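J.: Give me the fold of what follows.
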Amino acid sequence: MNDSAPVSSPDRQLVNALSRGLLILACFRVSRPLLTNGQLAEYSELPRSSVSRLTHTLVKLGYLEYDSRHAAYRLGAKVLSLSYAMLGGMAMRPLILPHMTELAERANSLVALAACEDYSMLIVEAVMGRNTLAKPLEVGSHLALDTTAMGRAYLASCSASEQKKIIQHLSKSKKRDAQELGVAATKATEEYREQGYCTSIHEWREGVTGVAVPLYLKDFGRTMVLTCGGSAKQLTPKHITETIAPLLIKTAGEIEQAFKDSGTMNLLGRSRKR
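T.: Numbers count the residues shown, from 1 in each chain. Below you'll find the model as predicted:
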């Protein structure tokens, strides 16, 4: 999980100028593709004078583009090339996508793979069932951590100290009640412990329901989340309990096993070459 606040660390290997430049790029979202220097200063919590120098540099390097009509910046093509390189280099995609596609069809829902990034849930991959009434999610979208099923599944996977850090950040940056967020985290943990999954029924958006589980992928280095979501007309609480959740848990187990088998095959392949 990455902080959205400026990096302040005694680490002598840390290049502050680079970390601030990357912090500027991280301010952009699908929901806010154009940002002014003032907005970037607000979101990054950096001085506006520093932001002006950083955006000037990023434009020169091709990572930002300046929109003179709106006097604002958007991400440049170089960022897109990096995102494609990142997705292409993710060994998880060919292992996970077939399972996600099958789950989307069987559950008649939207199935998404998400990671916690900047105290929100970042959509890494999404697949739509052919007959689902769910609205599509764009890869790269950020969703709320505390009100979505995927965010709650991530909270349930966290240690107590990480949960506390998340609650402190959300209560400060989004002016949410810390006690209310703490109750949500406790509820998510208990729900996952008792049922093996977390839900969100009309809590993220009215008429939308979801169910999610953490994914523990061997040697991947971070917890991912697998979720099914859609219209409350299709994904009723009863349907989630009796059909969707069991399918989701089964699929998560199959994906985790695929990662274990993949690691074993890679080791066997290397040993044979020797």
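
J.: Now Glu125: which helix or strand?
T.: strand 120-128 (DSSP states H and E).

J.: helices and strands around the helix or strand that that strand is followed by, which ones?
T.: The helix or strand immediately downstream of strand 120-128 is strand 142-143, counting by DSSP H and E. When contacts are defined as 3 or more Cβ pairs under 8 Å, 6 or more residues apart in numbering; DSSP states H and E, strand 142-143 packs onto strand 120-128. For glycine as for every other residue, the C-beta is placed from the backbone atoms N, C-alpha and C.

J.: do that again at 10 Å, thanks
T.: strand 110-117, strand 120-128, helix 149-157 (3 or more Cβ pairs under 10 Å, 6 or more residues apart in numbering; DSSP states H and E).

J.: contact partners of whichever helix or strand comes after the last one?
T.: It refers to helix 149-157. Later in the chain than helix 149-157, the nearest helix or strand by DSSP H and E is helix 160-173. Applying Cβ atoms under 10 Å, 6 or more residues apart in numbering, the contact partners of helix 160-173 are 1, 3-5, 43, 45, 116, 118-120, 144-146, 151, 154-159, 176-182, 184-186, 188-189.

J.: Pull out the buried residues from those.
T.: Taking 16 or more other Cβ atoms under 10 Å as the criterion, what is buried in those is 1, 4, 43, 116, 118-120, 144-146, 151, 154-158, 181, 184-185, 188-189.

J.: worst-scoring helix or strand of this protein, pLDDT-wise?
T.: Across the helices and strands of the chain, mean confidence by mean pLDDT, DSSP states H and E is lowest for helix 77-89: a mean of 66.

J.: Just want the angle from the following helix or strand past that helix to strand 120-128.
T.: Downstream of helix 77-89, the first helix or strand assigned by DSSP H and E is helix 92-107. Between helix 92-107 and strand 120-128, the angle comes out at 60 degrees (axes from the mean of the first three to the mean of the last three Cα atoms, to 10 degrees).

J.: Compute the inter-axis angle for helix 92-107 and strand 110-117.
T.: Going by the same axes, to 10 degrees, helix 92-107 makes 140 degrees with strand 110-117.

J.: Could you pull up the mean pLDDT of helix 92-107?
T.: Average pLDDT, helix 92-107: 89.

J.: Residue numbering should commence at 50 henceforth.
T.: I'll keep to 50 as the first residue from here, and by that count the last item is helix 141-156.

J.: And it, what's buried?
T.: Buried residues in helix 141-156 (16+ other Cβ under 10 Å): 141, 145, 148-149, 151-156.

J.: Reformat those as CSV; add distance to Pro286.
T.: Below are those laid out as CSV (distance: Cβ to Cβ, whole Å):
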residue, distance to Pro286
Met141, 30
Ile145, 27
His148, 24
Met149, 23
Glu151, 23
Leu152, 19
Ala153, 20
Glu154, 22
Arg155, 19
Ala156, 14
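
J.: which one among those gets closest to Asn65?
T.: Met141 (31.7 Å; Cβ to Cβ).

J.: Could you identify which of the helices and strands packed on strand 191-192 is most buried?
T.: Most buried of these, by mean neighbour count (mean count of other Cβ atoms under 10 Å): helix 198-206, with a mean of 28.

J.: Distance from that one to the middle of the chain?
T.: Put simply, helix 198-206 sits 11 Å off its chain's centre (Cα atoms, centre = their mean, to the nearest Å).

J.: next one: stretch 88-100
T.: Distance, centroid of stretch 88-100 to centroid of chain: 24 Å (Cα atoms, centre = their mean).

J.: buried sites along it?
T.: In stretch 88-100, the ones that count as buried by 16+ other Cβ under 10 Å are 89-90, 92-93, 95, 99-100.

J.: Point out where the stretch 100-249 of the chain drops to low pLDDT.
T.: Residue ranges of the stretch 100-249 of the chain with pLDDT under 70: 129-130, 132-141, 223-224.

J.: Fine by me, we can end here.
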